[in-house]
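# Turn this into a model:
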Amino acid sequence: MEQIVLIVHLLLALTIIGLIMLQQGKGADMGASFGAGASQTLLGSTGSANVLTRATAWLVAAFFATSFGLAIIATEKTRSVDEVDIAVPAAQQPAADEASTDDLPAVEQGDVPAATPVEGDLPTGDIPEA
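Just a heads-up that it's a prediction; the model follows:
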């Protein structure tokens with residue numbers, strides 16, 4: 001069903017593009033409109049809509065309907081796991097009070113080496129001459 005709606009949607013889009021390219025814009029007769037009658041005034045009223053304009057309007061309405069249909073189909077596909085009735089296992093993490101301290105290495109106070117500075121490692125504050 002989704003593929004059919006998608007193909008119709010694509011064909012409608014291409015047809016709308018073709019119909020719009022075939023139509024003549026309001027500004028196409030600007031040069032002739034200064035001396036012409038009132039029906040073709042400069043960017044004024046265009047009279048009744050012709051067949052291309054009406055066909056474009058109907059195709060745009062159908063394009064909107066297929067867009068809305070595709071949105072509904074996409075929403076149906078993304079239902080939550082609870083609605084599909086699939087059991088989701090709980091996370092397998094131990095509680096904080098169940099954590100074992102035996103996993104950590106034990107360090108005795110005497111095993112920690114003391115940090116002693118070695119002469120020459122610390123800066124003396126003398127500024128070298130350039």
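# following the helix or strand of the chain with the lowest mean pLDDT, which helix or strand comes up?
Across the helices and strands of the chain, mean pLDDT, DSSP states H and E gives its lowest value to helix 30-33, namely a mean of 55. Toward the C-terminus, helix 30-33 is succeeded by helix 51-77 as the next helix or strand (DSSP states H and E).
# For that following helix, give the mean pLDDT please.
Helix 51-77 carries an average pLDDT of 92.
# Identify the residues contacting residue 54.
Neighbour list for residue 54: empty [criterion: CB atoms under 8 Å, 6 or more residues apart in numbering]. Using the backbone N, CA and C atoms, a C-beta is placed for each residue, glycine as well.
# cool, and residue 55?
Residues in contact with residue 55, defined by CB under 8 Å, 6+ apart, are residue 19.
# any idea how far it is from residue 67?
Residue 55 sits 19 Å away from residue 67 when distances are taken as CB to CB, to the nearest Å.
# same question, residue 61
Taking CB to CB, one finds residue 61 at 11 Å from residue 67.
# more crowded one of these two?
Between residue 61 and residue 67, counting by other CB atoms under 10 Å, residue 67 is the more crowded of the two (14 against 10).
# isn't the more buried one right up against residue 9?
Yes - the criterion here is CB atoms under 8 Å, and residue 67 meets it with residue 9 at 6.9 Å.
# for the protein, which spans come out with low pLDDT?
26-49, 79-89, 91-105, 111-112, 117, 120-124, 127-130 (pLDDT under 70).
# how about stretch 53-71 as PDB, C-alpha atoms only?
Provided in PDB are the C-alpha atoms of stretch 53-71 (Å, rounded to 0.1, in the frame of the first residue of the first chain):
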ATOM      1  CA  THR A  53      -4.800  26.300 -14.000                       C
ATOM      2  CA  ARG A  54      -7.700  24.100 -13.000                       C
ATOM      3  CA  ALA A  55      -5.800  20.900 -13.600                       C
ATOM      4  CA  THR A  56      -2.900  22.200 -11.500                       C
ATOM      5  CA  ALA A  57      -5.300  23.100  -8.700                       C
ATOM      6  CA  TRP A  58      -6.800  19.600  -8.700                       C
ATOM      7  CA  LEU A  59      -3.400  17.900  -8.900                       C
ATOM      8  CA  VAL A  60      -2.100  20.000  -6.000                       C
ATOM      9  CA  ALA A  61      -5.100  18.900  -3.900                       C
ATOM     10  CA  ALA A  62      -4.400  15.300  -4.800                       C
ATOM     11  CA  PHE A  63      -0.700  15.800  -3.900                       C
ATOM     12  CA  PHE A  64      -1.700  17.200  -0.500                       C
ATOM     13  CA  ALA A  65      -3.900  14.100   0.100                       C
ATOM     14  CA  THR A  66      -1.100  11.700  -0.800                       C
ATOM     15  CA  SER A  67       1.300  13.600   1.500                       C
ATOM     16  CA  PHE A  68      -1.200  13.300   4.300                       C
ATOM     17  CA  GLY A  69      -1.700   9.600   3.500                       C
ATOM     18  CA  LEU A  70       2.100   9.000   3.600                       C
ATOM     19  CA  ALA A  71       2.300  10.800   7.000                       C
END
